[in-house]
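>>> fold the following, please.
(2 chains)
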2 protein chains.
Amino acid sequence: MERFFDKELEQLYRKLKDMAELVKNSIQNSIDSLKSKDQKLAQKVIDEDRFIDELEISIDEACLELIARRQPVAYDLRFITMVMKITTDLERIADLSVDIAQRVLELLDKPLLKPLIDIPKLSELAQRMVKSAIDSFINQDTHLAKEVCLSDDEVDKLRDLIQDELIYDYMVKDSSTVPRAIPLLLIARHLERICDHATNIAEDIIYMIQAKIVKHHREKLENNNDKK
Amino acid sequence: MERFFDKELEQLYRKLKDMAELVKNSIQNSIDSLKSKDQKLAQKVIDEDRFIDELEISIDEACLELIARRQPVAYDLRFITMVMKITTDLERIADLSVDIAQRVLELLDKPLLKPLIDIPKLSELAQRMVKSAIDSFINQDTHLAKEVCLSDDEVDKLRDLIQDELIYDYMVKDSSTVPRAIPLLLIARHLERICDHATNIAEDIIYMIQAKIVKHHREKLENNNDKK
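As a prediction, this is how the structure comes out:
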């Protein structure tokens, strides 16, 4: 009986990996559609979001069903409830890719501000954080999860840089750039929120593995990492 | 034994109500601090966020402990796991109040754009949605929860109105308004996200009560409500 339960957990795990893969693609596609002003690709991100939504529902249902039927305790219970939290974050990341794709559609009829400031850089950081968060889950790697949490400061700095450049080097100097600059400013914000969700996932993973709350206690984490 | 479990659920319920009350206050205070450019009040919103964070952790722990010890099934299990989802949304709403308060701090040394466009109106709508979402939980009222879900379109329209006014009536016409207009534009976005979280909570409540997935299937809901 116990072995069968392991198989069910394994299935859950695989579904979550599939969902993570779809979500990573949606970020990549949304930023690619921005770089190449590709309307079709932006529309694809928006249209295919429903597959991610459906996967979230199906994983949540499987989790509830498992808890009810198997009545897991300790690590297994923590694993299953954390899967439910992680799917929530993954689904919101996909929604943020949709938000980016919608900004791309708004920009289609406008010349792009070159060279998109540091947005591609922030996007790479966001994708790396999501990938690391998921890898740390797959490999049960708390060290990698902690790195994700600590990347958050870099994200904030990059976001501020992009925002200041858009405001003071473009919009204030030439108000005709405002309608083109605002969607870029919002895209930077969407990417920042994607990083926040990756951080949430990493915190959940650390919690799952260490059964220790690092959420809202980042100072502790930095101390543990000999950064302070 | 069963009666004792009911008492434990009741305690969980009360803690969630306390958390919701703190979160409602944090939205109210953040918008009041904007209206009156009150630095102290904005700082209070930022400083007191940690109480809400702590409450989230404590409720989550109580949920996990209850699942492990009581092994609930059916409605009780759904209730407990949904409490965990609702606390996540409430905590993020509080984070968004902190975001608003931070924008207020950025605006302190700048003259406000009068009359704050429709931001107070959007803020009232956001607060009403959070209140209704929580009331629908307290009173197990799916009808009210559905109303919350359906308010989302109104929110989007109001957000677009505010954004267009800020861009075309202020920033494009007079680029010196950009540094004052951007924080307001972001505040409108923060309020919109608060409404999104209220909608998530309402969807979770409907799910809990009806054991039916309305998440990502708003059309169905509108059909049920004879709106289509």
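
>>> and the contacts of stretch A:175-184?
Applying C-beta atoms under 8 Å, 6 or more residues apart in numbering or on different chains, the contact partners of stretch A:175-184 are A:103-104, A:106-107, A:110-113, A:116-117, A:119, A:162, A:166-167, A:170-171, B:163, B:167-168, B:171-175, B:178, B:185. To be clear about C-beta, it is placed using only N, CA and C from the backbone, and glycine gets the same treatment.

>>> repeat that for stretch A:20-38.
A:39, A:41-42, A:44-45, A:48-49, A:51-52, A:55, A:90-91, A:93-94, A:97-98, A:100-101, A:103-104, A:107-108, A:112, A:116, A:119-120, A:123, A:126-127, A:130-131, A:134, A:187, A:194.

>>> and if you look at stretch A:93-103?
In contact with stretch A:93-103 (C-beta under 8 Å, 6+ apart) are residues A:22-23, A:26-27, A:29-31, A:33-34, A:42-43, A:45-46, A:49, A:52-53, A:130, A:183-184, A:186-187, A:190-191, A:193-194, A:197-198.

>>> ok, A:Tyr207 touching A:Met82?
Yes: in this structure, A:Tyr207 is within contact of A:Met82 by C-beta atoms under 8 Å, at 6.9 Å.

>>> returning to that earlier point: which ones among the contacts of stretch A:93-103 lie within strands?
Among the contacts of stretch A:93-103, no residue falls in strands (DSSP state E).

>>> hmm, which of these are the buried ones?
The neighbour count (16 or more other C-beta atoms under 10 Å in any protein chain shown) marks A:22-23, A:26-27, A:29-31, A:33-34, A:42, A:45-46, A:49, A:52-53, A:130, A:183-184, A:186-187, A:190-191, A:193-194, A:197-198 as buried among these.

>>> now, those that are in helices?
A:22-23, A:26-27, A:29-31, A:33-34, A:42, A:45-46, A:49, A:52-53, A:130, A:183-184, A:186-187, A:190-191, A:193-194, A:197-198 (DSSP state H).

>>> now chain A against chain B: closest residue?
A:Ser175 (3.4 Å; C-beta to the nearest C-beta).

>>> what about the helices in chain A?
Using DSSP H, helices in chain A cover A:2-35, A:39-47, A:49-70, A:74-107, A:119-138, A:142-150, A:152-164, A:178-210, A:218-224.

>>> just name the most buried of the ones you listed.
helix A:178-210 (a mean of 23; mean count of other C-beta atoms under 10 Å in any protein chain shown).

>>> next up, the contacts around A:Thr142.
A:136, A:205-206, A:209-210.

>>> got the residues of chain A near chain B?
A:50, A:53-54, A:56-57, A:61, A:63-64, A:67-68, A:71, A:73-74, A:77-78, A:81, A:84-85, A:88, A:163, A:167-168, A:171-176, A:178-179, A:182, A:185-186, A:189, A:213, A:215-216 (C-beta under 8 Å from any C-beta of the partner chain).

>>> roughly how far apart are the nearest residue to A:Leu108 once chain neighbours are set aside and A:Ser33?
Spatial nearest neighbour of A:Leu108, chain neighbours left out: A:Gln39 (5.7 Å); criterion: C-beta to C-beta, 6 or more residues apart in numbering or on different chains. Distance, A:Gln39 to A:Ser33, by C-beta to C-beta, to the nearest Å: 8 Å.

>>> now the common contact residues for the two.
Joint contacts of A:Gln39 and A:Ser33 (C-beta under 8 Å, 6+ apart) are A:Val104.
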